[in-house]
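**Q** Sharing a sequence plus its predicted fold:
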Amino acid sequence: MQFSFRAPGLGRGNSGHERSGFGPTVLTVLTVLAAPTLGGLITTDLPAQGLVHTGTAPGVALPSSGWTRSLTYGVDGTMWSLVFENDGSGTAAGRTLQLHRSQDDGATWALVTDVPTVGDGRGALVSGRACDRLHVTWSATDTGSYQSLYYQAFDTAAGQWVGSPELLISSTSSNDQYYANDIAITEQGTLGIVFNTHRSPTLSGFSGWSGGLLVKRRTDPTFQGPFRCNTDSFGMLGSMTAVGETFHTTFRTNTGLYGIRYRAYDTVAAAWVQAADVALYGSGQSSMRATNSSCITRDATGNLYVLYSVGSPNPAGGALEVAFAARSTGYSTWVTSLVETDPALGAGNLTYQHYSLAVAGDTVFAVFSRATDNLESLYFRVLSPDPNTGGATVTPDPASVAAIPLVLTNEADSFERVDGLRSAAFRGDLTVLYGGRPASQAAGYVSVLRGGAAARTLAWSRGCQGSLPALPRLVSSSLPAVGSAFLYGLEDAPANAPAIVFSGVGCLPTPQSLDPFGFTGCEVGFSPLASLFVLADPSGTATVSLSIPGSLAGGFELQFGALVLAPGANPGGAVATNALSASVR
């Protein structure tokens, strides 16, 4: 792999916003021999920056947090972000968690609404499998005095909240509070929310500073649980991702002063996969010396990556590390690798928010600023499976090569909070939400950095498999860019199965059930306008190539789906895949 860089003019990002003394140099990654690792998804174009929001003194505005999901895409190509703002009034009404929207690929943003409570704290959001839903969880005091846990869906088509906020867990005192940490969704639409308690929870089965999981399947009237994550002491600041119908969580425990641990919850079996939480450091967990926050994500294969920080007396000193576990091994073995040496990082009860994971197609990125450099600039490294060590390969090698710069500034605290887009349903260019409080913007700011390719795909709707051993999926292997061939198709279909691939535009807020045709549990989320016949190969895959003329202006979405013939899988003898939204740019 080789990288080269070019820097645009100093002092102004693509969005045109400029702050005195805060003129970032945005550096572009050129993939010369990187296709096997980067999948060709990082482009040679100038990354686009968009200013989401700025705070106003004496208040402050920042991304919701560095480990919660604060950024997502909708099926219609809209980007959504969560911003926390404190107006400095010292009142509960002055603390708001705001929902912002961009309809031009992140270049400009508008405030849509805030969550319908007061005294808001941090929150997280995720796009639903329906085409017009966001799912949001957050903490707030609302009419009380202490932080309680809430959830509510947001209708993106109507631009309004659905119903009333659902109070999931209510607080009773300063030592009995509940804090939102993360939210995720499975392919079948099951929602998961991870949270943690305060010092003395009244919640049955929970001790001080424990982590919990709430689960809501598509057919559940309410959230089920809470299920305690940690079996060791403490389960703080949980992070979560979904692979299939299983939620994978990480959190901070006390052992190791502190240590990061892992545990998975199978939503079909409604049970934890492991009897106890798993130490990422194995037998060396007692000397891990981590901090409070970690970030977990998956790659396209379902391998897991966990980014966290450690400090002295850990042998690595101050550093960012990544723990990797392969799906092929059932996540039974965790191997750790160095991501970045950062001597200024400490250990213990510290909550750093300046590092995150991001996913772009087949590629996983560690995106971070450096405490040693006073959080002045933003960098990244590429993570991929290492078949030799069973861990992650970190590129470029942190032992000998500096990290790749994304944005360079000369002001401290420019990148206090960093949150990479890490949706498994998304395939596109690297996208990062970040913010800080440099001297030139002491009231804080929130911005988005997106790689040069605006074209992207998003998997949505629910597939069905009947009695098949695997769920057939419709996936993309390239981006729907104007003037190129867009490659998409089937995977995990029965060997040599025939299928009908159909396309259309828009979406159906209420999907069309295929039960009347005997395709039990199947649905279509949009109105098909055209179709073609494909035949899967012996491995169950089939590829379609769609040529997108260079004369098109772009800026629109196409929808794709497939019906796979599978005699005996259900009474109708066919199953439907998920839908795939292609944002043509």
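**A** Good, I have the coordinates.

**Q** C-alpha only now, for contacts and for neighbours.
**A** OK.

**Q** can you give me the helices in the stretch 1-150 of the chain?
**A** Secondary structure of the stretch 1-150 of the chain, counting by DSSP state H, counting those that start in this stretch: helices at 35-38.

**Q** any idea how far Arg228 is from Asp277?
**A** Between Arg228 and Asp277 the computed distance is 10 Å (C-alpha to C-alpha, to the nearest Å).

**Q** same thing with Gly205?
**A** Applying C-alpha to C-alpha, the value for Gly205 to Asp277 is 16 Å.

**Q** Give me the more crowded residue out of these two.
**A** Neighbour count, other C-alpha atoms under 10 Å: between Gly205 and Asp277, Asp277 has more, with 22 against 10.

**Q** contacting residues for the more buried one?
**A** The neighbourhood of Asp277, defined by C-alpha atoms under 8 Å, 6 or more residues apart in numbering, consists of Cys229, Asn230, Thr231, Asp232, Arg261, Tyr262, Arg263.

**Q** quick one: which of those residues is most hemmed in?
**A** With neighbours defined as other C-alpha under 10 Å, the most crowded of these is Cys229; it has 29 neighbours.

**Q** So Asn230 is in contact with Ser210, correct?
**A** Yes - counting by C-alpha atoms under 8 Å, a contact exists between Asn230 and Ser210, whose distance comes to 6.6 Å.

**Q** neighbours of the nearest residue to Thr190 once chain neighbours are set aside, just the number please.
**A** With C-alpha to C-alpha, 6 or more residues apart in numbering as the measure, Arg217 is the residue that lies nearest to Thr190, at 4.2 Å, once sequence neighbours are left out. Residues contacting Arg217 under the criterion other C-alpha under 10 Å number 19.

**Q** Give me the domain ranges for this structure.
**A** The record, using automatic domain parsing to delimit domains, assigns the chain the ranges 3-454, 457-584.

**Q** Comparing the ones you listed, which yields the minimum mean pLDDT?
**A** Between these, the one with the least mean pLDDT is domain 3-454; it has a mean of 90.

**Q** before we move on, back to that, between the contacts of Asp277, which is closest to Gly463?
**A** Within the contacts of Asp277, distances to Gly463 taken as C-alpha to C-alpha reach their minimum at Arg263, with 26.3 Å.

**Q** residue contacts, Val162?
**A** Contacts of Val162 by C-alpha under 8 Å, 6+ apart are Gln152, Ala153, Phe154, Asp155.

**Q** Kindly apply the preceding question to Ala276 instead.
**A** By C-alpha under 8 Å, 6+ apart, the contact list for Ala276 reads Asn230, Thr231, Asp232, Arg263.

**Q** And these, which two are furthest apart?
**A** If you compare every pair in the contacts of Ala276 using C-alpha to C-alpha, the most distant one turns out to be Asp232 and Arg263, at 11.4 Å.

**Q** what about Thr457, distance to Val432?
**A** Counting by C-alpha to C-alpha, the gap from Thr457 to Val432 is 17 Å.

**Q** Could you check which of those two is surrounded by more residues?
**A** When neighbours are counted by other C-alpha under 10 Å, Thr457 and Val432 differ, and Thr457 comes out ahead with 28 against 23.

**Q** Would you agree the more buried one is in contact with Phe560?
**A** No - with contact defined as C-alpha under 8 Å, Thr457 does not count as touching Phe560 (10.3 Å).

**Q** anything in contact with each of the two?
**A** Taking C-alpha under 8 Å, 6+ apart as the contact rule, Thr457 and Phe560 both touch Leu580, Ser581, Ala582.

**Q** which residue packs closest to the last one, ignoring adjacent ones?
**A** Spatial nearest neighbour of Ala582, excluding adjacent residues (C-alpha to C-alpha, 6+ apart): Thr457 at 4.5 Å.

**Q** which residues does the one you found contact?
**A** Phe426, Arg427, Gly428, Ser476, Leu479, Pro480, Leu580, Ser581, Ala582, Ser583.

**Q** With Val432 instead?
**A** Taking C-alpha under 8 Å, 6+ apart, we find Val432 in contact with Ala358, Val418, Asp419, Gly420, Leu421, Val448, Leu449, Arg450.

**Q** what are the phi and psi angles of the residue nearest to the spatial centre of the chain?
**A** The geometric centre of the chain, computed from its C-alpha atoms, lies nearest to Arg422 (C-alpha atoms, centre = their mean), at 2.9 Å. Torsion angles at Arg422 (phi, psi; degrees, to the nearest 10) stand at phi -130, psi 40.
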